[in-house]
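Engineer: Provide a 3D model corresponding to the input given below.
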Amino acid sequence: MTLKITQETDADGCTIMTLEPALTGGLKGAPERRPLDWTQFEQNDTLFGLVRIRSRYIDGTVISDGQVRPLVELQIKDGGQDRESFLGGEFSIDTKHEVTGGIIKEAFLHDFVCSINSGWIAEQIWAVENTGEEKILTRRIVVVNGKSIQTARVVYNRQ
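Structural biologist: Below is the predicted model:
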């Protein structure tokens, strides 16, 4: 899957990220505009229907060379132990950014998504990860629907 990401700042100084997915097989999803200030907004997603979303940048703490853990307060409280280790675990990201006191500012993107019609909730951590010489955009996702808990890792080609 390919994802084009652009950012802009609105008149109030809020960063707005636009995600434009192009799915394999020629399918194209609708662009998503996300304010990154943790305010809740609704969006009618072409794949998932009507959802409420909150998004923000979060910092990361350096664990070791190239290993960074997101500093996140998870919103899903009943997702089991896997949710915490999966979403809050170590990522292989570039630590060449400015590190102050072991903290990298805005190292990750954190999303919390609630389906209005289907009853599921999802929490996501996005990162640009290193895989050898290549940098890839990844998204770790935990979805809870009733007693069902699913995890996924999505890897994107970046434009």
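
Engineer: Residue 82 should be in a strand, yeah?
Structural biologist: No. Assessed with DSSP: H, G, I helix; E, B strand; the rest coil, residue 82 is helix; it does not lie in a strand.

Engineer: going forward can the numbers begin at 801, since that is how I track them
Structural biologist: Sure, I'll start counting at 801 from here, so that last one is residue 882.

Engineer: Please enumerate the helices of this protein.
Structural biologist: Counting by DSSP state H, the chain has helices at residues 880-887.

Engineer: any low-confidence regions in it?
Structural biologist: Residues of the chain that meet the criterion pLDDT under 70 lie in 801, 822-829, 879-881, 895-896, 958-959.

Engineer: Which single strand of this protein contains the most residues?
Structural biologist: The longest strand of the chain (DSSP state E) is strand 849-864.

Engineer: Please name every helix or strand in contact with it.
Structural biologist: strand 832-835, strand 841-845, strand 867-870, strand 903-915 (3 or more C-beta pairs under 8 Å, 6 or more residues apart in numbering; DSSP states H and E). Glycine gets a C-beta too; all of them are placed from N, C-alpha and C.

Engineer: out of those, which comes closest to residue 891?
Structural biologist: strand 867-870 (5.5 Å; C-beta to C-beta).

Engineer: List the strands paired with that closest one, with their directions.
Structural biologist: strand 849-864 (antiparallel), strand 891-892 (antiparallel) (DSSP bridges).

Engineer: Next, format those strands as CSV and append mean neighbour count and distance to residue 947.
Structural biologist: Formatted as CSV, the strands paired with strand 867-870 follow (neighbours: other C-beta atoms under 10 Å; distance: least, C-beta to C-beta, whole Å):
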stretch, mean neighbour count, distance to residue 947
strand 849-864, 17, 21
strand 891-892, 20, 28
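
Engineer: how near is the residue lying closest to residue 918 once chain neighbours are set aside to residue 951?
Structural biologist: Closest residue to residue 918 apart from its sequence neighbours, by C-beta to C-beta, 6 or more residues apart in numbering: residue 849 at 6.6 Å. From residue 849 across to residue 951, the span is 21 Å (C-beta to C-beta, to the nearest Å).

Engineer: follow-up on the earlier one: any idea how far residue 900 is from the residue nearest to residue 918?
Structural biologist: Taken as C-beta to C-beta, the span from residue 849 to residue 900 is 41 Å.
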